[in-house]
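[1] Sequence isn't available, so here's the structure alone:
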């Protein structure tokens with residue numbers, strides 16, 4: 001082991017990180033990518049569930065409430081019939 005490598009190991013073991021070692025950087029990069037994928041998937045599933053809930057709630061409202069906000073039954077029917085993955 002070279003002298004620089006020994007010094008890096010010495011400082012890292014005592015919590016005095018001088019520079020990031022390549023092996024540590026590689027491990028961090030391996031775990032960051034899957035985390036972004038998982039969090040993106042969770043956000044997507046949450047958004048889809050919101051759409052499902054909102055459209056189910058809209059099905060239950062009566063014509064009088066739609067008239068109050070200036071929508072017709074046809075406008076609402078078009079929105080309610082959309083699949084959950086469509087915005």
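    All right, it came through fine. Since this is a predicted model, take the numbers as computed values, not measurements.
[2] what does the average pLDDT come to for stretch 31-51?
    The average of the pLDDT scores along stretch 31-51 is 87.
[3] So for it, what gets flagged as buried?
    The neighbour-count check on stretch 31-51 (16 or more other CB atoms under 10 Å) flags residue 51 as buried. For every residue, glycine as well, the C-beta is placed using N, CA and C.
[4] In this protein, where is pLDDT below threshold?
    For the chain, the stretches with pLDDT under 70 are 1-30, 33.
[5] now the helices: where do they sit in it?
    3-13, 22-60, 63-68, 73-80 (DSSP state H).
[6] So what touches the shortest one?
    Okay, so that is helix 63-68. When contacts are defined by CB atoms under 8 Å, 6 or more residues apart in numbering, helix 63-68 is touched by residues 72, 73, 75, 76.
[7] quick one: the first one from residue 85, how far?
    Counting by CB to CB, to the nearest Å, the gap from residue 72 to residue 85 is 25 Å.
[8] what residues are up against residue 55?
    Per CB under 8 Å, 6+ apart, neighbours of residue 55: 79, 80, 82, 84.
[9] mind running it again at 6 Å?
    residue 80 (CB atoms under 6 Å, 6 or more residues apart in numbering).
[10] how close does it get to residue 72?
    With distances taken as CB to CB, residue 55 is found 17 Å from residue 72.
[11] try residue 83
    Distance, residue 83 to residue 72, using CB to CB: 22 Å.
[12] next one: residue 87
    Going from residue 87 to residue 72 by CB to CB gives 21 Å.
[13] higher neighbour count, the two?
    Neighbours were counted for residue 87 and for residue 72 using other CB atoms under 10 Å; residue 72 has more, 11 against 6.
[14] Cheers, nothing more for now.
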